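In: would you be able to build a 3D model of this:
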Amino acid sequence: MQAMNLVGSPAERTKLQDAIAHAETLERKAEKSGDAQDFVAASTAYGNAAYLAHNVGISSDRPKDERDRAYQLGVSLNKLSDKCKKRSDEIIRAGYTARRAKWSERETLDRSGHPPDSLNVLDEHSGFTAVTMPRSWASHLREEYRAGKYLSRHHTRSSIGGQTIWRPSSWLKKGTTGRLVDHAPNSFFQTNDDVTVAIYKVPGYPNPVAVWFDNKTGKRIA
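Out: Coordinates of the predicted model:
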């Protein structure tokens with residue numbers, strides 16, 4: 001920022017100049033570290049500087065040209081704030097994508113399309129999907145559930161014969177490794193209709209746990 005663009009009283013100009021210098025220092029730090037939180041800090045600092053500039057711009061006792069300059073300076077500072085926030089979002093998104101790719105390849109279907117006989121049931125969010133008793137009106141499904149039949153099979157599409165609920169890892173008191181008890185290769189997950197659903201039992205946890213794999217890639221999707 002050029003000093004000539006600063007407006008206001010001497011005290012206001014000094015405060016604004018310090019705020020801009022602080023934001024620029026934080027942005028340089030962020031560029032060097034590549035850390036998303038550093039870019040958030042720079043974004044906040046630029047936003048604070050923009051606020052100071054706009055306060056000068058809305059002062060009715062100032063000449064119009066000064067108010068306009070202050071307003072334009074505030075706009076420029078807000079754009080710098082947005083740029084830093086966007087950079088932070090990009091870094092977070094890239095990290096998430098990398099973590100998801102690594103997680104999805106941790107356990108995969110084998111070449112014949114069979115799920116692992118045992119796996120870590122935790123998903124990418126460090127939780128798992130429990131399969132609970134079907135609703136009371138689904139009496140036949142409740143009977144099958146009690147008999148250990150957790151999948152509702154059909155020649156065109158198979159589904160889970162119960163209710164699903166996400167739970168955090170803290171619910172698993174005796175480890176997160178599950179043993180495969182059943183699976184169906186013709187299931188679905190959200191909009192994906194080419195999915196293998198697998199049911200695992202985890203020691204110490206009363207309900208079965210559902211896991212889904214993409215049949216095309218063999219990678220786990222949930």
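In: CA atoms for contacts and neighbours, from now on please.
Out: Will do.
In: relative to A184, how far out is D214?
Out: Noted for D214: a distance of 12 Å to A184, by C-alpha to C-alpha, to the nearest Å.
In: so what sits against both of these two?
Out: Common contact partners of D214 and A184 (C-alpha atoms under 8 Å, 6 or more residues apart in numbering): T196.
In: whichever strand in the chain runs longest: how far from the chain's middle?
Out: Using DSSP state E to define each element, the chain has its longest strand at strand 177-189. How far strand 177-189 lies from its chain's middle: 25 Å, per C-alpha atoms, centre = their mean, to the nearest Å.
In: on contacts alone, who are the packing partners of it?
Out: strand 118-120, strand 151-152, strand 192-201 (3 or more C-alpha pairs under 8 Å, 6 or more residues apart in numbering; DSSP states H and E).
In: what is the orientation angle of that strand with strand 192-201?
Out: Computed by axes from the mean of the first three to the mean of the last three C-alpha atoms, to 10 degrees, the angle separating strand 177-189 from strand 192-201 equals 160 degrees.
In: how close does P203 get to H140?
Out: Distance of P203 to H140, given as C-alpha to C-alpha: 27 Å.
In: more neighbours, these two?
Out: Set P203 next to H140 and count neighbours by other C-alpha atoms under 10 Å: P203 wins out with 16 against 11.
In: list the contacts of the strand or helix carrying V56.
Out: If you go by DSSP states H and E, V56 is part of helix 36-57. Identification of contacts with helix 36-57 by C-alpha under 8 Å, 6+ apart yields 7-8, 16, 19-20, 22-24, 26-27, 29-31, 66-71, 73-78, 80-85, 87-89, 91-92.
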